[in-house]
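Colleague: Mind looking at a prediction? Sequence and model below.
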Amino acid sequence: MDADLRELYQEIILDHSRHPRHFGALADANHVAEGYNPLCGDKVKIYLKLDDADRIADIAFEGKGCAISVASASLMSEMLKGRSTEEAEQLLSGFLHLVKGEDASDLEEDDKEHLAVMAGVSAFPMRVKCATLAWHAMKAAIDGEESAKSE
Amino acid sequence: MDADLRELYQEIILDHSRHPRHFGALADANHVAEGYNPLCGDKVKIYLKLDDADRIADIAFEGKGCAISVASASLMSEMLKGRSTEEAEQLLSGFLHLVKGEDASDLEEDDKEHLAVMAGVSAFPMRVKCATLAWHAMKAAIDGEESAKSE
Amino acid sequence: MTRPLPKTSREYDVETLRRDFPILTKTVHGRKLVYLDNAASAQKPKQVLDAMTTFMTEEYANVHRGVHFLSAVATERYEAARARMQAFVGAAHEDEIIYTHGGTEAINLVASSFLAPRIEPGDEIVLSVMEHHSNIVPWHFLRERLGAVLKWVNVSEEGDLDPQDVARAIGPKTKMVAITHMSNVLGTRTALKEIVRLAHEKGVPVLADGCQGAVHGRVDVKDLDVDFYVMTGHKLYGPTGIGILYGKRAHLKAMRPYQGGGEMIRVVTRDNVTYADPPMRFEAGTPPIVETVGLAAALGYMESVGREAMAAHENALARKAEAGLRALNGVKLIGEAKDKGPIVSFETIGIHAHDLATILDREGVAVRAGHHCAQVLMDRFDVPATARASFALYNTEEEVDALIAAVQVARKVFS
Amino acid sequence: MTRPLPKTSREYDVETLRRDFPILTKTVHGRKLVYLDNAASAQKPKQVLDAMTTFMTEEYANVHRGVHFLSAVATERYEAARARMQAFVGAAHEDEIIYTHGGTEAINLVASSFLAPRIEPGDEIVLSVMEHHSNIVPWHFLRERLGAVLKWVNVSEEGDLDPQDVARAIGPKTKMVAITHMSNVLGTRTALKEIVRLAHEKGVPVLADGCQGAVHGRVDVKDLDVDFYVMTGHKLYGPTGIGILYGKRAHLKAMRPYQGGGEMIRVVTRDNVTYADPPMRFEAGTPPIVETVGLAAALGYMESVGREAMAAHENALARKAEAGLRALNGVKLIGEAKDKGPIVSFETIGIHAHDLATILDREGVAVRAGHHCAQVLMDRFDVPATARASFALYNTEEEVDALIAAVQVARKVFS
Ligand SMILES: Cc1ncc(COP(=O)(O)O)c(C=O)c1O
Ligand SMILES: Cc1ncc(COP(=O)(O)O)c(C=O)c1O
């Protein structure tokens, strides 16, 4: 099998996609936004609970999609809990660089390691939107918008 | 100069175009129709006076157009006076064959000779519509229609 | 225009035909390309590319506009192409063939120029749930803007459409039936002639979306008695940017123009405008001139291959693919209609269609994954997306094997 | 995307450029072809044909639809072409570039999606009398269907358009100014920036028809501040079947879709439909994919020749032609505006334009004769038709001489 493919569908990605973390609705969310990719029909809904200091006190997501989009949402939800919205946006920016195969040196070392499993997406330009769908929805939720485009 | 051109713009054609016969309106016309070629803007209006036996007792035309269309209308008006509408339609059919370079043996010898000056049009497919404009309008007039298309 | 005889009798020599399609020798990701995305768009034979290139290097000018030589030649080619398209669908008159810029535009034209002026709020349009968005959204416009009501006809679990269900959906307020000739997802070929007969019994005109149907079988609009028939060039082995609308002469003559511009007018003044007769009334502006020449070459190519022979070949491949997929565990076919063309949609349980398509692509196999511009149908079958393999005149049995093998690779990745 | 530097400094080597246009070596009626019908449509350089052929033999698939390799490559080419078109007109954002099927469709799109929903009976649209039918008839539709009123701005005997006359025509009910950037008959280049400034002072948006203007000079929509700018591919040395609509982002975002179909939607259900953002909202169905690649190559070609250099060359030829025609007895130029592009219309007294064009054609000289889809302008100058010679980057001084000599032949025939 193709090395790029093995990189893309690593065990940990498949695991996240089969057993997504923080999956479901969040009853006490105060920021909610949807992401939708009209080209493939993939959908994700992000629930955030921001505290008074604009920190992500809790996070969850729902939706259906391919392995990449579900795993990416799951991974994101793991990483964002406890961060400030500003940090979340910085992470988003670094993540976008990473999956597009651009210079991702704006990522903290720890985050880079954690996100490394998503780097394989950069070899699949048509799948970048799958990987970023949940992240854009997260940003929309922070900004108080109802929905995000996939790109 | 090109032989086809010389054939097209014979002296007699130029003469008809400069001094069209039966040019003007016909006060006692009982069949009138217009021909219009939207591609070039040429216009012709045919006036017929049909008698009780459906003979063309009188004919006239007005309009503006290129040398070919005016000469063709003029020639037609010369030839139709006194003919029955049936004869006129036969002549139209033979004329169409002639200017399209098809077999025009359905024309009477006399008519063929008279119309021979128009045969040069067949070498100029883009100009056939100019030559036939007045003739189609004549047919429309006989049929009691208000206007004819160029083709 | 004489129609070349179909070569049904001789053996179908797919390897020879493949040589006409230079792109098929490509490799992708180091694998031989296996192009099974033909329902999205077909590849084009050399004959089409050559016709377009020759036209642009020898005979090009704008049409209907000049008396000069090139303009005359170009106009002749342009109108000769119309005659070929007339023959292709069996239309009675050449002026029943309208050049459009695609199948989508053709349907929009009918919705806007034929139907819109006849719609009163509450009037109904009957559609099947397996229509392509191009045969849905133009009618939704009439709902949004004029208060029309869309009436949906369901298909069976297998994907069959019962003509009687169409007839039952027609009521006193029905102004149009718009129905596909072949579903681009299920492959279902509809009983179009019967549908038309039933609709006409109730005095309702029928538009058929032939964007897939015309690719995979002979079309005879006179025999079908259909009011409008729509095709798109790029799926017929022709260029992008061109489509064809067949319309019955009486309808076309009664229709208002669609777009305004050059060549579709009779007289324009400051205060008024009058319009040319069909087909020119509907061909505003400079038409897709080069594309008509390319499409005529494509239709000529299809005739020379033999349309029946093509269809038989394609269907055999599709049936083989279905058998191969059925034999795998955890693969579900979507669309098993009795009369089916060479389009095979399926789900792989536990693998999203996009992941599947990505893995197949790495094996060189190009299929489409998604909703195929048929979200209403996806809802009907309650799937977010399917994978679709669709077959063309140049596909082979080995390519079917490659598809099945690639699906097995995907199952291994996700195992 | 970097824009190649215009080569204004080096000598303009027309003979070398001509080698890029295979059709120019043709003979017609035994004479060397002298193609002066460029305002109707330009010939296409090899670079454009090659780009299209290569794309169709190496990289073709439908766009935005598949995850497979060819689909990814095709989509990339398709969107890269958009970036080139953005650079060509100096648009601020890539999503301000809408692909259409021609200039005519672009204007119809604006009339239908932008203006129609804002028209109350009695609302006014300001046009000049020198508009092409494509920039008249779509507005006549709004008159016929919605009760809009067309307000006409005259031009002077020389063919100049006074921006103040446009401003004066704007009243409280004016909803749009639609004006050409360059007349396809008179060659007049309008003071577009000034017109836009005056219209905006009164809060009225401006659509500019750049189908000719963009061919003969650099366009900067940001500097012009124009609301909509329209171009057509086949006059820009590109393929038929493609046009471009530039629209300000804020306008586009607020506009309803034009045609319904695939790729322009967000969600389609039985009861509802929501739409994608611009530009896709306006690109229903399979777009003219191959044509975008061809047009991008054409624009690249123009940039590499140097747009200022091209324009200077063309204008020099036109001025030489005008001088030659003026020197003949019985020839009357129509259009002698102060700011004029390389389009020369004229009447030969005693010879109808069609007869003239036929004779010129036999001399190998292709000009256009007729109303040039500008009947309102023909009425203004009270002529049924004019002859028109229009110049492209590949025309030569010898070709101007051939034109003048051919007009003399015509005068001899009719003497
Ligand atoms: C000034 C002008 N506007 C609009 C058009 C229409 O362009 P198209 O016919 O390519 O749609 C033309 C050319 O025909 C033109 O010259
Ligand atoms: C059944 C069907 N109808 C309509 C269309 C629309 O054709 P186009 O996108 O070429 O306009 C397609 C293809 O996309 C189709 O498969």
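Modeller: Alright, I've got the coordinates. Ligands and ions are numbered 1, 2, ... in the order given.

Colleague: And the helices in the chain, which stretches?
Modeller: The chain I'm using is chain A. For chain A, the helices defined by DSSP state H cover A:3-8, A:11-18, A:67-80, A:85-99, A:109-115, A:128-142.

Colleague: try chain C instead
Modeller: For chain C, applying DSSP H gives helices covering C:14-18, C:46-54, C:69-89, C:103-109, C:137-146, C:163-169, C:192-201, C:221-224, C:249-254, C:289-305, C:307-326, C:353-362, C:375-381, C:397-413.

Colleague: between those helices, which one is nearest to chain B?
Modeller: Comparing those against chain B with Cβ to the nearest Cβ, the closest turns out to be helix C:69-89 (4.8 Å). Any C-beta I mention is one placed from the backbone N, CA and C, and that applies to glycine too.

Colleague: Buried residues of the closest one, list them for me.
Modeller: Within helix C:69-89, the residues that count as buried by 16 or more other Cβ atoms under 10 Å in any protein chain shown are C:69-75, C:77-78, C:81-82, C:84-89.

Colleague: try stretch A:133-149
Modeller: The neighbour-count check on stretch A:133-149 (16+ other Cβ under 10 Å) flags A:133-142, A:148-149 as buried.

Colleague: and what of stretch A:112-124?
Modeller: By 16+ other Cβ under 10 Å, the buried positions in stretch A:112-124 come out as A:112, A:115, A:117-118, A:120-122, A:124.

Colleague: Say whether chain C is contacted by it.
Modeller: Yes: contact of stretch A:112-124 with chain C (Cβ under 8 Å from any Cβ of the partner chain) involves A:F124.

Colleague: low-scoring stretches of chain C, by residue?
Modeller: Where chain C drops to pLDDT under 70, the residues are C:1-10.

Colleague: Break it into its domains for me.
Modeller: C:14-44+C:306-414, C:50-303 (automatic domain parsing).

Colleague: Quick check: the gap between C:A92 and C:G122.
Modeller: Computed as Cβ to Cβ, to the nearest Å, the C:A92 to C:G122 distance reads 35 Å.

Colleague: go on, C:G102?
Modeller: Distance, C:G102 to C:G122, using Cβ to Cβ: 31 Å.

Colleague: Chain C contacts on chain A?
Modeller: Residues of chain A lying close to chain C by Cβ under 8 Å from any Cβ are A:1-2, A:4-5, A:8-9, A:14, A:39-42, A:64-68, A:124, A:126-127, A:130.

Colleague: picking that back up, would you turn the helices of chain A into JSON lines with distance to D:A116 and mean pLDDT?
Modeller: Formatted as JSON lines, the helices of chain A follow (distance: least, Cβ to Cβ, whole Å; pLDDT from 0 to 100):
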{"stretch": "helix A:3-8", "distance to D:A116": "48", "mean pLDDT": "91"}
{"stretch": "helix A:11-18", "distance to D:A116": "47", "mean pLDDT": "95"}
{"stretch": "helix A:67-80", "distance to D:A116": "39", "mean pLDDT": "96"}
{"stretch": "helix A:85-99", "distance to D:A116": "39", "mean pLDDT": "96"}
{"stretch": "helix A:109-115", "distance to D:A116": "49", "mean pLDDT": "93"}
{"stretch": "helix A:128-142", "distance to D:A116": "32", "mean pLDDT": "95"}
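
Colleague: Let me know which of these is the nearest to C:V196.
Modeller: Closest to C:V196 of the helices of chain A is helix A:128-142 (Cβ to Cβ; 41.9 Å).

Colleague: And that closest one, what does it pack against?
Modeller: strand A:31-37, strand A:42-50, strand A:56-64, helix A:67-80, helix A:85-99, strand A:147-149 (3 or more Cβ pairs under 8 Å, 6 or more residues apart in numbering or on different chains; DSSP states H and E).

Colleague: can you give me the angle that helix makes with strand A:56-64?
Modeller: Interaxial angle of helix A:128-142 relative to strand A:56-64 (axes from the mean of the first three to the mean of the last three Cα atoms, to 10 degrees): 140 degrees.

Colleague: Just the angle for helix A:128-142 relative to strand A:42-50, thanks.
Modeller: Relative orientation of helix A:128-142 versus strand A:42-50 (the same axes, to 10 degrees): 30 degrees.

Colleague: Show me how far helix A:128-142 is from its chain's centre.
Modeller: Offset of helix A:128-142 from its chain centre (Cα atoms, centre = their mean, to the nearest Å): 6 Å.

Colleague: The one residue in chain A that gets nearest to chain C and D:I265: what is the separation?
Modeller: Closest residue of chain A to chain C, Cβ to the nearest Cβ: A:C66 (3.8 Å). Noted for A:C66: a distance of 20 Å to D:I265, by Cβ to Cβ.

Colleague: out of these two, which sits in the more crowded spot?
Modeller: The neighbour count for A:C66 versus D:I265, taken as other Cβ atoms under 10 Å in any protein chain shown, is higher for A:C66 (28 against 23).

Colleague: contacting residues for the more buried one?
Modeller: Going by Cβ atoms under 8 Å, 6 or more residues apart in numbering or on different chains, A:C66 touches A:17, A:40, A:42, A:127, A:130, C:352-355.

Colleague: what about 7 Å?
Modeller: Residues counted as contacts of A:C66 (Cβ atoms under 7 Å, 6 or more residues apart in numbering or on different chains) are A:42, A:130, C:352, C:354-355.

Colleague: Check A:V70 too.
Modeller: Taking Cβ under 7 Å, 6+ apart as the test, what A:V70 contacts is A:16-17, A:20.

Colleague: The same query, at a cut-off of 10 Å, please.
Modeller: Residues in contact with A:V70 (Cβ atoms under 10 Å, 6 or more residues apart in numbering or on different chains) are A:13, A:16-20, A:23, A:42, A:44, A:61, A:63-64, A:130, A:133-134, C:352.

Colleague: Repeat that for C:A327.
Modeller: C:I404.

Colleague: Give the phi and psi angles for it, as a check.
Modeller: Torsion angles at C:A327 (phi, psi; degrees, to the nearest 10) stand at phi -70, psi -20.

Colleague: For it, give its distance to ligand 2.
Modeller: Noted for C:A327: a distance of 28 Å to ligand 2, by Cβ to the nearest ligand atom, to the nearest Å.

Colleague: quick one: C:G350 and C:G330 touch, right?
Modeller: Yes: the pair C:G350 and C:G330 passes the contact test of Cβ atoms under 10 Å, sitting 6.6 Å apart.

Colleague: what's the overlap in contacts for these two?
Modeller: Contact criterion Cβ under 10 Å, 6+ apart; residues shared by C:G350 and C:G330: C:411, C:414.

Colleague: show me the contacts for the residue most central in space within chain C.
Modeller: Central residue of chain C (Cα atoms, centre = their mean): C:C211, 1.0 Å from the mean position. C:C211 makes contacts with C:39, C:102-104, C:106-107, C:132, C:134-135, C:180-182, C:184, C:230-236, C:243, D:285-286, as judged by Cβ under 10 Å, 6+ apart.
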